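*Asks:* Provided below are the primary sequence and the corresponding predicted coordinates.
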Amino acid sequence: MKKSYEISLIGLEIGNENMGCVALSYAFLNLLRQVGEELDITMNITAISYDDKKFEGDDVIKSYEVIRVHPKQISFWKSLKDNFKNADIIFDFTLGDSFSDIYGSERYIKTNLLKAAAIKYNSRFILGPQTYGPYTRGWARSWASKIIGKSYKVYSRDEASAVVLEKMGNRDVTVVTDIAFALPYDKKDIQCGDKIKVAINPSGLLWRGGYTGDNQFGLSIDYQDYCKGIVESLLNRGDVEIYLLPHVGTSDGNMENDREACKRLHELYPATHVIDDINSPMLAKDYIAAMDVLVAARMHATVGGVSAGVATIPVAYSRKFKGLFDNIGYEYVLDVKKLSTKEAIDQTLEWISDYKNLQKAAVLAGESASGKLDSFKKDLIKIFKAI
C-alpha cells in the first residue's frame, strides 16, 4: 500500500472570483501531483478556505476537503486545531501577495491568525513562494517577523522580498518564483486577419481607486485616463484588434470586478471586444496565449502572459511586480507609481510597437521561471522524504 500524507493548505482558494488566486491553487495542486507521482505516494488535502468549492481527486490526491473560515465560531477553531495537529505538512501562500498590510488591517489580521494557529499546533508550517511586505505599520512588521521566524521553511517568489526579510533580521529565505507560471493552457484560435491582437486587462480595483476609493495605492497616474488613452491610441492606428479581458470577477457586484471596467471601456469604444466567458484561470490563460500583446494590471494575468510567450506589459501598482519579473529577467514593467499618465501611455505604446522583442524576452523569462520551479519541486521531494 502506498504511503499517504495529510496536507493542509492555507491561502489557496479554488472558488474565488480572482482568477489569479485560483491559478495559484491549481498550479500548486498540479505540482503536488507531480511530487506524488515521483515518490509513489498519495495525499489527502484539507483546504482552509473562504469557499466550499472542492478540487476533484485523482490517483495522487485521493481526497480534497474544505474547512470554511468562520473566525467568530468556536467550532471553526476546534476543527482547525484538530486538522493542524494531524497534518504532516501545512502550506500557506496567503493568496500570493497578501502577507502584507497594504490591503488593510482586517485582511492582514485574519490571515495571520490562521498562520499563528498553524505554527502553534504543527512544526511543519511552510510559507510557499509569495511576496513578503511591504509592512507599513510597526505592529504588522513585528507580527510578520515572529511568524516567519517560527516557520519550518520559507520560500519567496522574488529577491526583493528576501531583502525585506533580511532587513527584518529573519532567517534565510529560498527564492524561487511564482507557482502560477506552471499553470497549463490550451491556446485559443482567434482570427483577426493581419491585425495585431492586443488584450487589455483593466483592474477593477485600480479603476475604483482601491478599496478606499481615494487612490489607495498611491498611483502617479490617473488610471482611468491611462486605460482610455491606450485604447483610443491603439484604435486610431488601424492595425490593432483590442480585446478587453477581465481577470477578477465572474459575476456583477464584486467591488474588484474587472468586468465593470471592461464594460465602461467598451461603452466608450464599441470597436473593442469584451471577453465575457472567463470562468477559470485556465480559460483566461487560453485567451491570453492567443494574443500578441497583453497589457495588464493583475499580477497573475501578467504571469500567464509571460509564461505563454506573449509580449506582456505589467502595469505595476506595487513592488511585487518588479520583484517578480526582475527575478526571471523580464524588464518590461511599467511603474505607475513614478510615471505621469502621459509618460505611462507613451511607454506602453512604444513597447507595443516593439512587441516582437517583448515576445522574445517573455520566452526567455518563462524558461527561467520553469527552472526555478523545478528547483522548488526538488525541495518539496526532499521535504516529503524527510518526514
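*Replies:* Nice, I can see it.

*Asks:* alpha carbons only for contacts and neighbour counts from here, please
*Replies:* Fine.

*Asks:* and the helix or strand harbouring Trp77, average pLDDT?
*Replies:* Using DSSP states H and E, Trp77 sits in helix 74-86. For helix 74-86, mean pLDDT rounds to 97.

*Asks:* What's the first helix or strand after that helix?
*Replies:* Downstream of helix 74-86, the first helix or strand assigned by DSSP H and E is strand 89-92.

*Asks:* which helices and strands sit right next to that following strand?
*Replies:* Strand 89-92 sits against strand 4-10, strand 125-130, with contacts defined as 3 or more C-alpha pairs under 8 Å, 6 or more residues apart in numbering; DSSP states H and E.

*Asks:* ok, that strand: who's next to it in the sheet?
*Replies:* Note on strand 89-92: by DSSP bridges, its sheet partners are strand 4-10 (parallel), strand 125-130 (parallel).

*Asks:* Would you mind finding the most buried of those?
*Replies:* Highest mean neighbour count of those: strand 125-130, a mean of 25 (counted as mean count of other C-alpha atoms under 10 Å).

*Asks:* which other residues reach it?
*Replies:* 89-97, 99, 118-119, 148, 151-158, 175-179 (C-alpha atoms under 8 Å, 6 or more residues apart in numbering).

*Asks:* For the lengthiest helix in the chain, which residues meet the burial criterion?
*Replies:* In the chain, taking DSSP state H as the definition, the longest helix is helix 355-386. For helix 355-386, burial by neighbour count (16 or more other C-alpha atoms under 10 Å) applies to 355, 358-359, 361-370, 372-373, 376, 381.

*Asks:* just to revisit the earlier point, weed out the non-buried ones from the contacts of strand 125-130.
*Replies:* Of the contacts of strand 125-130, these count as buried by 16+ other C-alpha under 10 Å: 89-97, 99, 118-119, 148, 151, 153-158, 175-179.

*Asks:* Skipping its backbone neighbours, what lies nearest Lys81 in space?
*Replies:* Closest residue to Lys81 apart from its sequence neighbours, by C-alpha to C-alpha, 6 or more residues apart in numbering: Tyr121 at 6.7 Å.

*Asks:* contacting residues around the one you found?
*Replies:* For Tyr121, the contact set (C-alpha under 8 Å, 6+ apart) comprises 81, 84-85.

*Asks:* From Gly209, how far out is it?
*Replies:* 40 Å (C-alpha to C-alpha, to the nearest Å).

*Asks:* re the thing from before, so can I have JSON lines of the strands paired with strand 89-92 showing distance to Asn236 and mean pLDDT?
*Replies:* Listed next are those as JSON lines, based on distance: least, C-alpha to C-alpha, whole Å; pLDDT from 0 to 100:
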{"stretch": "strand 4-10", "distance to Asn236": "47", "mean pLDDT": "98"}
{"stretch": "strand 125-130", "distance to Asn236": "40", "mean pLDDT": "97"}
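
*Asks:* Which among those is found nearest to Pro71?
*Replies:* The closest of those to Pro71 is strand 4-10. By C-alpha to C-alpha, the value is 14.1 Å.

*Asks:* any weak-confidence spans in the stretch 251-387 of the chain?
*Replies:* The stretch 251-387 of the chain contains residues with pLDDT under 70 at 251-255.

*Asks:* show me where it has strands.
*Replies:* 273-274, 293-296, 311-316, 334-335 (DSSP state E, counting those that start in this stretch).

*Asks:* Of those, which is nearest Phe217?
*Replies:* Of all the strands of the stretch 251-387 of the chain, strand 311-316 sits nearest to Phe217, with 10.4 Å by C-alpha to C-alpha.

*Asks:* How about residues contacting that closest one?
*Replies:* Contacts for strand 311-316 (C-alpha under 8 Å, 6+ apart): 292-299, 302, 305-306, 321-322, 332-337, 348, 351-352, 355-362.

*Asks:* Check these for burial and list the buried ones.
*Replies:* Buried members of these, scored by 16+ other C-alpha under 10 Å, are 292-299, 302, 305-306, 321-322, 332-337, 348, 351-352, 355, 358-359, 361-362.
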